[in-house]
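> Turn this into a model:
(chains A and B)
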Amino acid sequence: MPLILESALRRPLRVLDTLVTRLCGERSNPLYQSGTIAVLMLVVVLVTGLWLLFLYRIGAPWASVAELEQNPWLGSWVRALHRYASDAAIVAIVVHLFRMYAQGRSWGPRVLAWLSGIVLLGLVLICGWTGFVMVWDSFGRQLAVEGARMFDALPFLSERLGRTFAGERPPPPAFFFLNLFLHVALPLGLGAVFWLHVSRVARPLLLPPRRLSWALLGGLTLLAVLWPAPLGLEGDPFTRPATIPADLFYAFWLPWSPSLSPAALWALLGATTLVLALVPRWSRRAPEELPPSVVDEQLCTGCNQCPVDCPYGAISMIPRSDGRPTEVARVDPTLCVSCGICAGSCAPMGVGPPGRTGRDQLDRIRAVMATDPRAVGGTLVISCSRGALPPGAVVEQAGGVLHPVDCGGNLHTSVIEYALRAGAAGVLVLACPPRDCWNREGPRWLDARVYHDREAELQARVDRRRVRLAYLAAGQVTEAITVLRDFTASLHPPDPQADQTIHIERECETQPVGRGATP
Amino acid sequence: MIRWFARAAGLASGIGGLALLAVLSGWRYHANPDDHALLRLALSARPERLEHCRQVSEAELAEQPVHMRQRIQCVGKAATYRLHVRLDSQTITDRVLRGGGLRHDRPLSLLVEHPVQPGAHHLAVRLERVEAIDSNAVVLVDSTRRARQPPLPARLSLGESQWFEARRVVLVSYDIEHRRLVIHTRPGTGDQPSPTGSEAAP
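Got it, this is the predicted structure:
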């Protein structure tokens, strides 16, 4: 099973990504924003929930909600928005879960994020459960009865909870108070777990791009106005309703759970949780496949750029032990996800995952320029293997030479300069869309290094007209070829005089990485 | 042109997605596809405590420390009850009920449901203590401050004709105040003892 499931899921995800990108555009593709959409939806739920709290009465739960439904201005649509946003949150969380797993971003140093994500999903489902019970319509009552049935199977409860809903007397207000308390208190726990969830990310993105956020809010509000949330008949212990309006996002299990024994339900719940939590471990990559970054202390100048750029806060600066006045970078291997972003941020190429440092990148481009005659005078296409990687033959037909790299974001700018000085007419870098970078901030830093003098910047002497960056998602091969054709057509023959002023070998000399590399 | 077409298709799929969200948010599923009525038995009551007591001899007392000398020593347990429910001529439940908790000394709690064909049926419910009282045993009705309710009587029974309406629930429960089995057919009913067929034996 190792990797088979993961890679099997990656293929349909790429297809889906491509399709949605074509429909919505790369910037508004909701699939790239699954995590931030979940946060946005939970914020909407929180805001609308605060308003609904004022109108809810624990002494008459169903009646107060029914009254709310009669108020078209600040009642029914707010409740509907509360419900639809919580449904959308579940969809976004599940998509996020699927996406992170299929992309292999779920174990190793990311195990905390994965497990806390599972807990978050559980908390959101329980929170939704208490919310539906609050309404006390036929659906809410059914949820309460099923919940009581499960808890009654536990050996430590001497009194049967289910009797509360048997009909001898109405459920006491204390029950609804406790339920309301849980519904309000659980989001506090949600906040704490969410903090854990993003704690290993240096700069977590919490909200989707503004345009997508407004589109989602507008769409859901319109839906809430036009299509009010269903409200069943008041929960009656003496009636067996033929049908019940259930929210399948939270109660997908309800239609078949009454036919299972409580023990079977507990077993199913436990097994599902266990499988969800441990599937990434079973299908994880071998640790040696993605070793953490290392620092060559001889080369490190203590410039403090790699700790700033690292998306996972895995690099810190510590005092040197060799008597030099600067600090030296130190990688924490338990936090490093081996994204390689640091390789692109280090001007002297002294940090990066083994085999992917700036020096290794230079070695590879040197080999390409030396062995592939088409690269000299042609357009070199450096493409992220996780993005819109076009087939080599197609690139060749369009007048380019393909050079796939592990990540466009950890590309060292010296590679671009070397390729141009070695004779390439132009360099086109195809990176992933900024919000779908597997390594989080790769496109952002790449853009800053090429165009905005961020360390390790592309030298000012490099003609920017001969360099182009394009952000394309997996599957956008046609777009990639279009960009390549446009770029190639815009290129002018290189000025031989200008190039002769720079000694390529001296500027981009590849030095052997010294011993003493520290993890 | 193609781009505009793609954006229109994107908008349409967005609207479709929202509609799907609304549909799945209020999906009406068949919770009770049949028209059966339901007989629900739900009760909670403290079981009687059965204690076997004996007089301690003077010699035994002398062996005990002064502060532990009790002339009467009792060993007790909570009583168990046999529940027998008949609908017309068919037995639908026949089981022994124990008190809750690991030592079974907590209130006895029952919640069972049984589907019933709609119509008139004769319902007979009998709840009897299993343990017989012999001359050496003493049944104690705990009247100390720990007891918040009187225990179940040794025998409870209820027998009457009952109309079971389709898709409705008939609830049989225990009225602690009157120490009787009662029938509820809608919220708020059954607070009074059932007028027929219910009896309790001390």
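> contacts, neighbours, all on C-alpha from now
Fine.
> For A:L402, the count of nearby residues, please.
22 (other CA atoms under 10 Å in any protein chain shown).
> residues contacting the residue lying closest to it once chain neighbours are set aside?
For A:L402, ignoring the flanking residues on the chain, the nearest one in space by CA to CA, 6 or more residues apart in numbering or on different chains is A:V381 at 4.8 Å. When contacts are counted by CA atoms under 8 Å, 6 or more residues apart in numbering or on different chains, A:V381 touches A:395, A:400-404, A:427-430, A:484.
> Chain B: which of those is nearest?
Distance ranking of the contacts of A:V381 against chain B, using CA to the nearest CA, places A:L484 first at 19.1 Å.
> Was I right to think the closest one contacts A:Q397?
No - between A:L484 and A:Q397 there is no contact under CA atoms under 8 Å: 10.6 Å.
> The two: who's more crowded?
The neighbour comparison of A:L484 against A:Q397 (other CA under 10 Å) goes to A:L484, with 25 against 11.
> Would you mind giving both backbone torsions of B:S89?
Here is the backbone geometry of B:S89 (degrees, to the nearest 10): phi -100, psi 10.
> Ok, the one 5 residues further on next?
With angles defined as degrees, to the nearest 10, B:D94 shows backbone torsions of phi -150, psi 100.
> Report whether B:E160 is found in a helix, as I expect.
No - judged by DSSP: H, G, I helix; E, B strand; the rest coil, B:E160 forms no part of a helix; its state is strand.
> Name whatever forms a beta bridge with it.
Counting by DSSP bridges, B:E160 is bridged to B:L123.
> hang on, the earlier thing: how about the contacts of A:V381 in JSON lines, adding secondary structure?
Listed next are the contacts of A:V381 as JSON lines, based on three-state DSSP:
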{"residue": "A:V395", "secondary structure": "helix"}
{"residue": "A:G400", "secondary structure": "strand"}
{"residue": "A:V401", "secondary structure": "strand"}
{"residue": "A:L402", "secondary structure": "strand"}
{"residue": "A:H403", "secondary structure": "strand"}
{"residue": "A:P404", "secondary structure": "strand"}
{"residue": "A:V427", "secondary structure": "strand"}
{"residue": "A:L428", "secondary structure": "strand"}
{"residue": "A:V429", "secondary structure": "strand"}
{"residue": "A:L430", "secondary structure": "strand"}
{"residue": "A:L484", "secondary structure": "helix"}
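> Break chain B into its domains for me.
Following automatic domain parsing, one finds the domains of chain B at B:1-30, B:37-48+B:79-131+B:144-201.
> which of those is buried the deepest?
Mean neighbour count (mean count of other CA atoms under 10 Å in any protein chain shown) peaks for domain B:37-48+B:79-131+B:144-201 among the domains of chain B, with a mean of 18.
> Look at the closest residue in space to A:C24 that isn't next to it in sequence and tell me its secondary structure.
Spatial nearest neighbour of A:C24, excluding adjacent residues (CA to CA, 6+ apart): B:G10 at 5.3 Å. Recorded secondary structure, B:G10: helix (three-state DSSP).
> How about the contacts made by B:G10?
So, once contact is read as CA under 8 Å, 6+ apart, B:G10 ends up touching A:20, A:23-24.
> Tell me the one among those residues nearest to chain B.
A:L23 (4.3 Å).
> So which residues on the stretch 51-200 of chain A come close to chain B?
A:83-84, A:87-88, A:155-160, A:162-163, A:166-170 (CA under 8 Å from any CA of the partner chain).
> Got a quick ChimeraX command for the buried subset of these?
To isolate the buried members of these in ChimeraX, using 16 or more other CA atoms under 10 Å in any protein chain shown:
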select /A:83,84,87,88,158,159,160,162,163,166,167,168,169
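> out of the residues of the stretch 51-200 of chain A next to chain B, which are inside strands?
Judged by DSSP state E, the subset of those located in strands is empty.
> Show only the entries of the residues of the stretch 51-200 of chain A next to chain B found in helices.
Here DSSP state H is the test, and those give A:83-84, A:87-88 as lying in helices.
> Same list, these, but as CSV with distance to B:E58 and pLDDT please.
Formatted as CSV, those follow (distance: CA to CA, whole Å; pLDDT from 0 to 100):
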residue, distance to B:E58, pLDDT
A:R83, 75, 96
A:Y84, 78, 97
A:D87, 75, 97
A:A88, 78, 97
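> what's the nearest residue to A:L207 if we skip its chain neighbours?
A:T36 (4.6 Å).
> That neighbour and chain B: what is the separation?
18 Å (CA to the nearest CA, to the nearest Å).
> would you say that residue is within a helix?
Yes - counting by three-state DSSP, A:T36 is located in a helix.
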